[in-house]
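Undergrad: Using only what follows, build the 3D model:
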Amino acid sequence: MKKFVKILLAMMLLLVVACGKTTKTDEPSKVNGDKVDVVATEKLVVDKDVEFKVMHVNDIHGRVDAGKYDGMGLARVSTIVKQTRAADPNVLFLDAGDTIHGTVFAALTKGASVVRVMNEMGYDAMTTGNHDYNYGLDRIEKLQNTMNFPVLVSNLTYKDTGEKAFKPYTIKTLANGVRIGIFGLATPETAYKTNPTNVEAVTFDDPIAVAKESVTALKAQGVNYIIALSHLGLDEDSIYTSIKLAQEVDGIDLIVDGHSHTTLENGQLVRDTLIVQSGFYDKNLGEVTVKLGKDGSRAETAKLFTKEYAMENVKEDEAVRAIIDEVNTENDKITSVVVGETPVLLDGERNDVRAGETNLGDMITEAMLAKTGAEGVITNGGGIRASIQKGTITRGNIISVLPFGNYVVVKEITGQDLKDAIENGIQSYPDARGAFPHVAGFTFKFDPMNEVGNKIYDVTFNNGEKLDLTRTYKIATNDFMAVGGDKYTSLKGKKTVNEYESIEEILGEYIKANGITHTMIDGRVFAGKEEVAAKIEKKVVDASVYIVQSGDTLREISEKTGKDMDAILKENKKITNPDVIFVGEEIVLPKAN
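TA: Now for the predicted structure:
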C-alpha cells in the first residue's frame with residue numbers, strides 16, 4: 001500500500017510540473033489513507049515565454065452608438081477587438097460593468113438589446129455595475145441565460161440560502177496554453193446606488209475578504225495569471241476601491257476596473273498590481289499587453305484606443321451595426337413621438353446635475369410638484385442622465401434623460417427629516433455626487449465650509465414660511481430615494497401618502513401642457529456663507545439680471561439664459577476677465593432685439 005501511495009504521489013507531482021512550475025514550493029502533499037491531494041499555493045509559472053492581450057471597457061451605460069457626447073460606438077469597439085484577435089487569438093475581452101442600462105436603446109428591452117450586441121462582439125466575461133441592477137436582480141439572471149459569456153460576481157450571496165448569486169470566477173485557457181483566472185467584484189454601494197428593493201434578496205459581501213478567497217481558489221486550480229474584474233472604482237469617498245483591493249490582496253496581477261468613470265491612459269500600478277480603467281460611454285477601449293516569462297517574470301503595458309483615433313481610422317463592424325439598426329428601427333416607433341420644443345439647452349450634464357442646480361433639474365421637479373400637489377419635491381441629480389438639446393423634444397429625448405423608470409412617491413416626513421435629506425445630498429459639495437438634491441416648492445442655502453450634517457442654514461418654502469423641524473410635510477420624491485437610495489435614509493420607512501406614474505411620463509405631460517418653463521435656473525440652491533446670501537437678498541433684481549451661483553461660468557450662464565456670451569460681456573463692462581466671476585455678482589442680461 002505504501003509503495004502504491006508513493007507511486008501515485010509521484011504521478012501527481014509530475015502532472016503539476018507538466019502544467020508549469022510554481023514560483024514557490026507547493027504546499028506539501030496531504031496523504032490521507034489512499035487519497036493524495038496536491039494543492040498549489042502560488043500561480044504556476046509558464047513553461048515557455050508567452051504573450052497575450054486583455055481588452056476592456058467599463059461604464060458603457062447602454063451607449064452602443066457613437067455620438068457627440070458619447071464614445072466611438074460599440075460597432076467600432078468590435079472591429080478593433082476582432083482585428084486584434086485575427087492577428088493573434090490570445091486575446092481576452094472583458095467588461096467591468098454598468099453596461100446594460102442607461103439609454104433608450106437599452107431601456108425599452110430591459111437590456112436584451114445590449115446583450116445581443118455583446119454576444120456578437122465576443123465578450124469573454126463581465127461583472128455587474130450598480131446600474132445593471134436597475135431592472136432588478138431577476139432580470140440579470142434571465143439575461144444571463146441569453147449571454148454567450150459568464151457574469152462574474154464573487155461577493156454577492158442570497159440572504160436565504162447563502163449561495164452565490166452568480167458564478168464567482170472562471171478560468172480561460174488561451175491558444176498558447178496560458179490559464180487565466182478571472183473573478184468578479186461588485187461594489188457594495190449597489191445596495192443604495194440602485195433601488196434598494198432591486199437587491200433586497202442578496203448581500204454584498206466584503207470585496208477584500210472575498211477577493212482573498214478567490215485568489216486562493218484560483219491558485220489551487222493551477223492558473224498562471226489572475227485578473228480581478230472589478231466595479232469598485234477609484235473614488236476617494238468610497239469605502240472599497242480598487243486601490244484598496246490592490247493594497248490589501250496579494251496575488252492579483254491585473255485589476256480591470258469600473259464605477260468611477262476614470263480614464264487611466266497607461267494604467268495605475270499599486271504595489272505589484274496594475275489597475276486599468278477606460279473612462280466611460282465607450283470613449284476609450286483599453287488594451288493591456290501581458291508578457292509572462294518561463295523564468296517567472298511578468299510585464300504589462302497598458303494603452304487606450306481613443307474615440308478620436310477610432311472615428312478617423314476604424315470602420316464599424318457590419319454585424320454589430322446591423323443589430324443596432326434593427327433595434328433602433330423598432331424603438332423609433334415609440335421614441336420619435338414629438339413632445340415639444342425648447343429654445344435653449346436643457347442642462348442634464350453629469351457634472352452639472354451632480355454639483356448644482358440646472359434648468360432641467362428645476363423643470364423636472366416643478367413637473368413633479370404640479371402633478372402631486374405636494375408641499376415640496378426633492379430628487380437626486382444622479383437620476384438625470386442626459387441633456388436635451390435646443391430644438392424638438394421627442395419622447396426618446398425624455399427617456400434618455402430619465403431612463404430608470406423611477407416613479408413618484410409622496411411621503412409624510414418631518415422638517416428634520418427634510419433637512420437631513422438635504423444635508424445628505426450636499427455633503428460632498430463642490431465634488432460631484434449623484435445624491436445632489438434638485439428641489440421644488442422651496443429653496444435652500446448652505447455653507448460648504450461647515451461640517452457635514454450642519455451645512456444648511458436656511459430652507460424657505462414658496463409661501464415664504466421657513467422650515468419647521470417639528471412639523472410634518474408632504475414631500476414628493478422618487479421611489480429610489482423613498483427607500484433610502486443614495487443614502488437618503490431619512491426618507492426610508494416614512495409614511496407613503498400616494499404614488500404616481502414615472503417621472504418620465506410626468507415630465508412629458510408637463511412639457512406638452514406648459515411648454516418650457518425654465519430656460520434658466522430659478523436660484524433654488526445657494527452655496528455660500530450666510531452673510532453673502534443676506535447681501536443678495538437685500539437687492540431687488542428684475543428678470544434682466546442674473547445672480548452668479550456657486551460653480552457658474554460665464555459660458556454656462558450664456559447657455560442657461562440663451563444670451564450670447566459676447567453680448568453679455570458688452571453689457572457688463574466691469575467684467576475684465578471672462579474667466580473670473582464671483583458668487584453673488586449681478587450679471588446684466590442683454591435685452592432681446
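Undergrad: Can you show me the helices along the stretch 151-300 of the chain?
TA: All helices of the stretch 151-300 of the chain, identified by DSSP state H, counting those that start in this stretch, fall at 190-193, 207-220, 242-248.
Undergrad: neighbours of V276, just the number please.
TA: 27 (other C-beta atoms under 10 Å). Every C-beta, even on glycine, is put in place using the N, C-alpha and C of the backbone.
Undergrad: Could you give the bridge partners of it?
TA: Beta bridges link V276 to V256, judged by DSSP bridges.
Undergrad: these two touch, right, it and E265?
TA: No. Judged on C-beta atoms under 8 Å, V276 makes no contact with E265 at a distance of 9.7 Å.
Undergrad: okay, and the common contacts of those two?
TA: Listed as contacting both V276 and E265 by C-beta atoms under 8 Å, 6 or more residues apart in numbering are A302.
Undergrad: Save the helices of the stretch 151-300 of the chain as CSV, and put in mean neighbour count, distance to I334 and mean pLDDT too.
TA: Below are these laid out as CSV (neighbours: other C-beta atoms under 10 Å; distance: least, C-beta to C-beta, whole Å; pLDDT from 0 to 100):
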stretch, mean neighbour count, distance to I334, mean pLDDT
helix 190-193, 22, 28, 87
helix 207-220, 20, 39, 97
helix 242-248, 20, 38, 98
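Undergrad: Out of these, which is closest to T289?
TA: Nearest of these to T289, taken as C-beta to C-beta: helix 242-248 at 19.5 Å.
Undergrad: Just the C-alphas of that closest one, formatted as CSV.
TA: The C-alpha coordinates for helix 242-248 follow below in CSV (Å, rounded to 0.1, in the frame of the first residue of the first chain):
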residue,chain,number,x,y,z
SER,A,242,-9.6,49.0,-6.5
ILE,A,243,-6.7,50.8,-4.9
LYS,A,244,-7.6,49.3,-1.5
LEU,A,245,-8.1,45.9,-3.3
ALA,A,246,-4.5,46.1,-4.7
GLN,A,247,-3.1,47.2,-1.4
GLU,A,248,-4.6,44.5,0.7
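Undergrad: got a list of contacts for it?
TA: Counting by C-beta under 8 Å, 6+ apart, 185, 207-208, 211, 228, 230, 232-234, 252, 255, 257, 268, 270-271, 273, 275, 277 sit against helix 242-248.
Undergrad: what about 6 Å?
TA: Residues from elsewhere that reach helix 242-248 (C-beta atoms under 6 Å, 6 or more residues apart in numbering): 208, 211, 230, 232, 255, 257, 270-271, 273, 275.
Undergrad: Give me the buried entries from those.
TA: Among the contacts of helix 242-248, those buried by neighbour count (16 or more other C-beta atoms under 10 Å) are 208, 211, 230, 232, 255, 257, 270, 273, 275.
Undergrad: Let me have the residues you listed in a markdown table, extended by distance to I80.
TA: A markdown table is the format used below for those (distance: C-beta to C-beta, whole Å):
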| residue | distance to I80 |
| --- | --- |
| I208 | 34 |
| A211 | 30 |
| S230 | 23 |
| L232 | 26 |
| I255 | 22 |
| D257 | 20 |
| V270 | 27 |
| T273 | 25 |
| I275 | 22 |
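Undergrad: tell me the mean pLDDT over whichever strand or helix holds K570?
TA: Assigned by DSSP states H and E, K570 belongs to helix 565-571. Averaged across helix 565-571, the pLDDT comes to 86.
Undergrad: any idea which helix or strand comes after that helix?
TA: strand 586-588.
Undergrad: so how far is the first residue of stretch 428-442 from its last?
TA: Start-to-end span of stretch 428-442 (C-alpha to C-alpha, to the nearest Å) is 21 Å.
Undergrad: List the buried residues for that stretch?
TA: 428-429, 432-442.
Undergrad: related to what we said a few turns ago, show me the one of the helices of the stretch 151-300 of the chain that comes nearest G122.
TA: The nearest among the helices of the stretch 151-300 of the chain, by C-beta to C-beta, is helix 207-220 at 23.0 Å.
Undergrad: Now do D138 against T157, distance only.
TA: Taking C-beta to C-beta, to the nearest Å as the measure, D138 falls 16 Å from T157.
Undergrad: Who has more neighbours out of these two?
TA: Per other C-beta under 10 Å, whichever of D138 and T157 has more neighbours is T157, with 20 against 11.
Undergrad: Out of the helices of the stretch 151-300 of the chain, which gets nearest to T161?
TA: Closest to T161 of those is helix 207-220 (C-beta to C-beta; 16.8 Å).
Undergrad: Can you work out which other helices and strands pack against that closest one?
TA: strand 179-186 (3 or more C-beta pairs under 6 Å, 6 or more residues apart in numbering; DSSP states H and E).
Undergrad: and the strand it packs on, how far out from the chain's middle?
TA: Relative to the chain's own centre, strand 179-186 is displaced by 20 Å; criterion: C-alpha atoms, centre = their mean, to the nearest Å.
Undergrad: Residues contacting it, please?
TA: Under the criterion C-beta under 6 Å, 6+ apart, residues 125, 127-128, 152-156, 168-173, 207, 214, 218, 223-227, 229-231 lie in contact with strand 179-186.
Undergrad: Please, a ChimeraX command that selects the buried ones among these?
TA: ChimeraX command restricting the contacts of strand 179-186 to the buried ones, with burial defined by 16+ other C-beta under 10 Å:
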select :125,127,128,152,153,154,155,156,168,169,170,172,207,214,218,223,224,225,226,227,229,230,231
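Undergrad: In strands, which of the contacts of strand 179-186 fall?
TA: Among these, DSSP state E puts 125, 156, 169-173, 225-227, 229-231 in strands.
Undergrad: of all those residues, which comes closest to T84?
TA: Checking the ones in strands among the contacts of strand 179-186 against T84 with C-beta to C-beta, the nearest one is K172 at 15.8 Å.
Undergrad: follow-up on the earlier one: okay, the helix holding K570 in PDB with CA atoms only?
TA: Provided in PDB are the C-alpha atoms of helix 565-571 (Å, rounded to 0.1, in the frame of the first residue of the first chain):
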ATOM      1  CA  MET A 565     -21.600  85.500 -24.300                       C
ATOM      2  CA  ASP A 566     -20.100  88.400 -26.300                       C
ATOM      3  CA  ALA A 567     -23.300  90.300 -25.800                       C
ATOM      4  CA  ILE A 568     -23.200  89.600 -22.000                       C
ATOM      5  CA  LEU A 569     -19.600  90.900 -21.900                       C
ATOM      6  CA  LYS A 570     -20.600  94.000 -23.800                       C
ATOM      7  CA  GLU A 571     -23.400  94.700 -21.400                       C
END
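Undergrad: Quick check: buried residues in it?
TA: 565, 568-569.
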